[in-house]
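K.L.:
sequence below, structure please.
(one chain, ligands or ions: 1)
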Amino acid sequence: MSLVLIRKNAPTDAWVAALAQHCPDLAVHVWPDIGPVQDVEFVLSWAADPGVIASFPNLRAVFSLGAGADHILHDATVPAHLPVARMIDPSLTAEMVQFVTLAVLGHTRSYRQLLAQQAQARWVRPEPVGKRVGIMGLGGLGTACATALTGMGLSCVGWSRSPKEVPGVRSYAGDAGLAEFLAHSDILVCLVPATPALAGVLGRKTFDALPRGAYVINVGRGEHLNEADLIDALQSGQLSGAWLDVFAKEPLPAEHVFWQHPAITVTPHIASATVPATAAAHVAENIRRARAGQPLAGQVDRALGY
Ligand code: GLV
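P.N.:
Below you'll find the predicted structure:
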């Protein structure tokens, strides 16, 4: 039986090697060279073209190469009964914590301003900024970020669809808790899943509920952001800046206004990447579970969309 790895325009050798080590009984094929189609038991993918996953008749499960499985769920042809799992990988979590820490501290320590001042040999101490962090989305990644930032002495609040308990983090839940959560977020970090209900959540209504001069970090998905509302909020001073790592259209087109905006930091969707050497263990465990008819680790609730 086999697994097909779908990772277009990206290296696959490290994945093939890691899977061979963790799943020695499994043939691994790299799309579009799939081997005998009836042998394909699993797909491990990032952004497969719509219809591709549905073309394997004997699939047991589909695994996302990333923390988000939205790229699989958005393909309406993926059979509804097929279990889908997001990636859970200690390296992916660690990288996200490091990246969010970088973005938060970059803002709280006025790093862009300091670099600009150095270029002009100007010795100026930046004005203090609001430092309370709000983590929107308390899943595995959001919880790890909230815990790490709290451990560094930053005050952190969290928000999620259903109530969550994270030690040292005041947590709010659902529509009822959103306004209060936002009112406590000088720095808003978006780590919610990409569900239709959360499309555009980083928009005018949310920005207006933040303290004036708040800072927004988007490491979720581009679809979470209403781009025009962000530009307006920066223009009016309701927001002081934003760090964007994900975009509705990637790569971000060279002519996009975000590139040159003085208050926006653009990074090319690099917050965290799955590391084959560690992530292959998660894939191997999910292969074992799928074959045993058990729920997958990180199995997506297809109704909830994450
Ligand atoms: C990347 O965006 C991921 O979902 O891991």
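K.L.:
going forward, measure contacts between C-alpha atoms and count neighbours the same way
P.N.:
Will do.
K.L.:
which regions of this protein sit below the pLDDT cut-off?
P.N.:
For the chain, no stretch has pLDDT under 70.
K.L.:
from the ligand, how far out is the nearest residue to Ala27 once chain neighbours are set aside?
P.N.:
Closest residue to Ala27 apart from its sequence neighbours, by CA to CA, 6 or more residues apart in numbering: Ser2 at 4.5 Å. Distance, Ser2 to the ligand, using CA to the nearest ligand atom, to the nearest Å: 23 Å.
K.L.:
which positions in the helix or strand harbouring Ala20 come out as buried?
P.N.:
Under the criterion of DSSP states H and E, Ala20 resides in helix 13-22. Buried residues in helix 13-22, defined by neighbour count with 16 or more other CA atoms under 10 Å: 15-16, 18-19, 22.
K.L.:
the residue nearest to Ala27 and Pro24 touch, don't they?
P.N.:
No. Look at Ser2 against Pro24 with CA atoms under 8 Å: they stay out of range, at 10.8 Å.
K.L.:
out of these two, which sits in the more crowded spot?
P.N.:
Using other CA atoms under 10 Å, the more surrounded residue of Ser2 and Pro24 is Ser2, with 20 against 11.
K.L.:
how about the strands of the stretch 1-150 of the chain, start to end?
P.N.:
2-7, 27-30, 40-46, 61-64, 84-85, 133-136 (DSSP state E, counting those that start in this stretch).
K.L.:
in TSV: those, plus distance to Glu255.
P.N.:
Putting these into TSV (distance: least, CA to CA, whole Å) gives the following:
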stretch	distance to Glu255
strand 2-7	27
strand 27-30	34
strand 40-46	26
strand 61-64	31
strand 84-85	36
strand 133-136	30
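K.L.:
interface residues of this structure facing the ligand?
P.N.:
Residues of the chain lying near the ligand by CA under 6 Å from any ligand atom: 66-68.
K.L.:
got TSV for those, with distance to Asp245 and neighbour count too?
P.N.:
Output for the residues of the chain next to the ligand, formatted as TSV (distance: CA to CA, whole Å; neighbours: other CA atoms under 10 Å):
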residue	distance to Asp245	neighbour count
Gly66	15	23
Ala67	15	22
Gly68	14	21
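K.L.:
which ones among those map onto helices?
P.N.:
Among these, none falls in helices (DSSP state H).
K.L.:
okay, which residue is most central for the protein?
P.N.:
With distances taken as CA atoms, centre = their mean, the residue of the chain nearest its centroid is Gly220 (4.0 Å).
K.L.:
got the buried residues for stretch 189-209?
P.N.:
Residues of stretch 189-209 classed as buried: 189-195, 199-204, 206-209 (neighbour count, 16+ other CA under 10 Å).
K.L.:
list the contacts for Pro67?
P.N.:
Not quite, residue 67 is Ala, not Pro. Applying CA atoms under 8 Å, 6 or more residues apart in numbering to Ala67 gives the contacts 86-88, 92.
K.L.:
still on that earlier bit, return the list of helices and strands in contact with the helix holding Ala20.
P.N.:
strand 27-30, helix 276-291 (3 or more CA pairs under 8 Å, 6 or more residues apart in numbering; DSSP states H and E).
K.L.:
got the angle between the last one and strand 40-46?
P.N.:
Same thing as helix 276-291. 140 degrees (axes from the mean of the first three to the mean of the last three CA atoms, to 10 degrees).
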